[in-house]
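Undergrad: sequence first, then the predicted structure, then my questions.
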Amino acid sequence: MAMNCIKSLRNITINKDAIVVAGRRNFAVGKAKKGSKGGAATDAPKASSLTKEVKSSTVVGANILKEGTDPKVLADSEYPDWIWHLLDKRPALSELRRKNIETLPYEDLKRFVKLDNRARIKENNSVRAKT
């Protein structure tokens, strides 16, 4: 069996270029200039070339399509109502435990079950890790 492995290794030819390519490291930063250490002056962020008018009328960087353009900012009335509730504060588990479960709205009850399950799983995992 060992002889078969040695014979198969002898048949493999390794190209010198393949070794060089495999052993080469690539860095994200370009070549350093002569005489400079650290490159602190060149690492400064560049000023944006977009005008203030373009920044206020379009959502810069939101385009995900190859051939598309950045979407325009619309008036607040043109967006759906649910979008304004995405950043609302939701009650924590301790606050939900203090309330009566039978009087909770459906969304809060669903959140309570999710957070309670998560807390129980974490507790069980920590108990198992200690033993």
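TA: Perfect, thanks for sending it.
Undergrad: now stretch 115-131: mean pLDDT?
TA: Average pLDDT, stretch 115-131: 94.
Undergrad: now that stretch: buried residues?
TA: Buried residues in stretch 115-131, counted by 16 or more other Cβ atoms under 10 Å: Leu115. Quick note: C-beta positions are derived from backbone N, CA and C, even for glycine.
Undergrad: who touches that stretch?
TA: Residues from elsewhere that reach stretch 115-131 (Cβ atoms under 8 Å, 6 or more residues apart in numbering): 92-93, 96.
Undergrad: now the helices for the protein?
TA: Listed in chain order, the helices of the chain (DSSP state H) span 2-11, 16-23, 52-57, 93-98, 106-130.
Undergrad: neighbours around Lys114, how many?
TA: Number of residues near Lys114 (other Cβ atoms under 10 Å) recorded here: 11.
Undergrad: how near is it to Glu102?
TA: To Glu102, Lys114 is 18 Å away according to Cβ to Cβ, to the nearest Å.
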